[in-house]
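Chemist: Sequence below, structure please.
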Amino acid sequence: MASIYKKPVFVRDPATGERVKGKSKKWWGRFRDVDDREKRVPLAVDRAAAQAMLAEYVRRVERQKVGLIEPTDEHRKKPIAQHVADYEKYLRAKANEPRYIALAVGRLKTLLAGCKFKTISQIKASGVANWLRHRREANAFGKATSNDYLVAAKAFCNWLVRDGRLGQNPLAHLQRLNTETDVRRKRRVLTQEELDLLIAAAEKSKGRLGRMRGADRAIVYRLAAFTGLRAQEIASMTPRSFALDADPPTVTVDACYSKHRRKDVLPLADDLCRRLRTYLAQREKAHRGGDERLWPGKWYRKAGEILQRDLAAARAAWLKDAKTPAECTRREASDLLRDVDAAGQVVDFHSLRHGFITHLVMANVPPKVAQALARHSTITLTMDRYTHLGMGDLVEAVGRLAGLCNDVLTERTLPNSR
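Modeler: Numbering: from 1, shown residues only. Just a heads-up that it's a prediction; the model follows:
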């Protein structure tokens, strides 16, 4: 039975200064919700107003019991900030990385504030689409960044639906933009000569970059170039990550550090395995235990900058090695070992992963195998985004076709021998 009452409170007597038991100024209401659980809510100071408010609560419960009111109605009235805070708690409960949570929630808050949404009932696809368009037109976002914000908003709305706070996702029909028409960072793949010069420059370096010695950076570059591992994945590794005596030797990326949140076990090439054995043996003399990270710190956040500094040192050494003035002039005009070439293509740490996948394809590795080694969800991503072909590769392919045609024509013109 619903009823109103004055809540007992303790107040200070103005005459004596002592705490005495009294009644609240505001009336409170007691009623049973749709799940037959007792609820107590604050109402109003005026008794008649409080009774009217309680009657409205009871009426809403009765309507909800017969299906005339959606269970999501109460959630629609809450400030959207409360839902965002609950969503952040949900992401933490899933054991997501703090950096990922901060990035996803930060993008979500920026979008919601930009669209001026105050409650979840105000979330509209047109509002989100228009805000993203204005940001792109102001050159604040590229298409890839616009997609990232849209993904963050859609993930939030999906959670609202799963948690019973919204009936349906209002952004479900919004599609991501085609980023192929707006590539802000075009990466260039290092040639084998450039990779050798880069690693040699790092090995000769006596300074530290990102807390790593030159020898540390050299082995990290080799690991990235011959496994396709990302910088953050490499930064997570300990000696236990490597099974160099296994058949075949492998390196393991734990699920919490892998981009697709699954444990990855990748094979190692013989030459890389041999170099890792030497490197780990040297590290074992100075560091005991298999749980210590080999390359600790946050260097992976500026891995591209670190690589470009080693790349600049390698180019300086290569230019200095020119024997004649003419050779020096030719090398200075060359794009070899430049962090940005004449076409605007950039070399950064992720370029090593692009190079690994490109070299797999150029070595005629079956596409499905290349996709598995790249750990991509689709073959399209492997072949379109990560495979870089130059004019020389195309000329060589046409040359092979011409040779094949000549062989066929020769066989057709040969006289029959009996």
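Chemist: what sits against residue 232?
Modeler: 257, 300 (C-beta atoms under 8 Å, 6 or more residues apart in numbering). No exception for glycine: its C-beta is placed from N, CA and C like everyone else's.
Chemist: and the closest residue in space to residue 188 that isn't next to it in sequence, how many neighbours does it have?
Modeler: The shortest distance from residue 188 to any non-neighbouring residue, by C-beta to C-beta, 6 or more residues apart in numbering, is to residue 345 (3.7 Å). When counting by other C-beta atoms under 10 Å, one arrives at 17 neighbours for residue 345.
Chemist: Surely residue 345 touches residue 338?
Modeler: No: at 9.3 Å, residue 345 does not count as touching residue 338 under the criterion of C-beta atoms under 8 Å.
Chemist: Look up how far residue 89 lies from residue 62.
Modeler: Distance, residue 62 to residue 89, using C-beta to C-beta, to the nearest Å: 33 Å.
Chemist: Tell me the predicted confidence for residue 380.
Modeler: Here, the pLDDT recorded for residue 380 equals 79.
Chemist: in the stretch 101-250 of the chain, which spans are helices?
Modeler: Applying DSSP state H, counting those that start in this stretch to the stretch 101-250 of the chain gives helices spanning 125-137, 143-162, 192-204, 214-227, 231-235.
Chemist: thinking again about what came up before, what's near enough to touch the residue nearest to residue 188?
Modeler: Residues near residue 345 by C-beta under 8 Å, 6+ apart: 186, 187, 188.
Chemist: And the buried ones among the residues you listed, selectable in ChimeraX?
Modeler: If you want just the buried ones from the contacts of residue 345 in ChimeraX, going by 16 or more other C-beta atoms under 10 Å, the selection is:
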select :187,188
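Chemist: one step back: Throw the helices of the stretch 101-250 of the chain into a markdown table and include mean pLDDT and distance to residue 116, thanks.
Modeler: Shown next, in a markdown table, are those (pLDDT from 0 to 100; distance: least, C-beta to C-beta, whole Å):
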| stretch | mean pLDDT | distance to residue 116 |
| --- | --- | --- |
| helix 125-137 | 94 | 8 |
| helix 143-162 | 93 | 14 |
| helix 192-204 | 94 | 49 |
| helix 214-227 | 95 | 44 |
| helix 231-235 | 93 | 35 |
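Chemist: In a markdown table, list those along with distance to residue 318.
Modeler: Rendered in a markdown table, the data for the helices of the stretch 101-250 of the chain read as follows (distance: least, C-beta to C-beta, whole Å):
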| stretch | distance to residue 318 |
| --- | --- |
| helix 125-137 | 40 |
| helix 143-162 | 33 |
| helix 192-204 | 6 |
| helix 214-227 | 16 |
| helix 231-235 | 25 |
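Chemist: looking at those, which is closest to residue 279?
Modeler: helix 214-227 (5.0 Å; C-beta to C-beta).
Chemist: now for the closest one, which elements pack on it?
Modeler: Judged by 3 or more C-beta pairs under 8 Å, 6 or more residues apart in numbering; DSSP states H and E, helix 214-227 is in contact with helix 192-204, helix 231-235, helix 270-286, helix 303-320, helix 350-362.
Chemist: now those helices as CSV including distance to residue 11?
Modeler: Shown next, in CSV, are the helices and strands packed on helix 214-227 (distance: least, C-beta to C-beta, whole Å):
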stretch, distance to residue 11
helix 192-204, 73
helix 231-235, 57
helix 270-286, 68
helix 303-320, 62
helix 350-362, 65
